[in-house]
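1. Quick one, structure for this:
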Amino acid sequence: MSELDFACVDAVVDRYAAAPTLTLRLNVTDTGGQPVHGLMLRCHLRIQPRRRSYSEGEAARLRDVFGGPGEWGRGLRPLSLAQVSLTVPPFHGTTELDLPVPFTYDFEVAATKYLHGVRDGDIPLELLFSGTIFRRGDQGFTVDQVPWDREATYQLPVRVWREMMDHYFPDAGWVRLRSATIDALHAFRSRSALPTWDDAVLHLLGQAAEVGDDV
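-> Got it, this is the predicted structure:
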C-alpha cells in the first residue's frame, strides 16, 4: 500500500501565464519502498474561513459571502477555490514539484469575493489530494490510488494574492454585466460625453448619492 505525504511549502506568482496563476511548491514523500514510475495527481483547493479572524472592515466586505454577523456561525463554510491536475515524473522517496493554480477575478465567484474582501494576514488554504500512482516492479507495472485522506494546509499571505492580481490587472478588476446593461451603460456614457467606463459608473454613483441625500 502506497503512503504519500504532501506538504505545501511556498507560493509564488507566475508572471508569464496567460491568466492569473499562482505556483504552489509541494514536497511529496513516498514510503512505499519502490520507485514511483509516474503519478497522476489531482488537487482540490479550498479556503477554510474559520481558521482566521476578521476585522470589522473585513466582516463588512464579506457580508455578501457569509451574511451579517449573526449568520456567521452557520455561514462560515469552506469555499472551493480550484481543482487542478498534474503529471508527476518518476521519483524515489521524496520529490519537489510546482503546482500551477489558475485564479479568476470574477466577482460572481464566492472565493473571489472572499479574497478581495480580506486585506491583511493569511488565507487559510486546504489542499485535498487524489490520483493514481504507477510503479514498475519485478512483475511489471502496479497501480495504486492516492489514499483518500491525503491533504495539506498552507497559510497563503494576502499580499501574495494581491501581488498576483496587481500584476495581471493593475489597479483594476472585472464585473460581469448582462449585454443589455452594457448597451445601456454605453449609451449613457456616449450621451454624457464621458471618456471612460470608470467615469460613467462614478457619474451614476454620484447621481445615486445625490438622490439618497434628498430622500
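
2. Run through the neighbouring helices and strands of the longest helix along the chain.
-> With secondary structure taken from DSSP state H, the chain has its longest helix at helix 197-214. On a contact count with 3 or more CB pairs under 8 Å, 6 or more residues apart in numbering; DSSP states H and E, helix 197-214 meets helix 179-191. Where C-beta positions appear, they are placed from N, C-alpha and C, glycine not excepted.

3. The residue lying closest to H44 once chain neighbours are set aside and T94: what is the separation?
-> Leaving aside its sequence neighbours, H44 sits nearest to L128 (CB to CB, 6 or more residues apart in numbering; 4.4 Å). L128 sits at a distance of 21 Å from T94 (criterion: CB to CB, to the nearest Å).

4. Equivalent analysis for Q145, please.
-> Per CB to CB, Q145 is found 20 Å from T94.

5. Next one, pLDDT for the most centrally placed residue in the chain please.
-> Compute the mean C-alpha point of the chain, and by CA atoms, centre = their mean the closest residue is L81, 4.3 Å away. For L81, the model assigns a pLDDT of 96.

6. before we move on, the earlier item: chain center to the host helix or strand of the residue nearest to H44: distance?
-> Using DSSP states H and E, L128 maps to strand 122-137. Mean C-alpha position of strand 122-137 versus that of the full chain (CA atoms, centre = their mean, to the nearest Å) differs by 17 Å.
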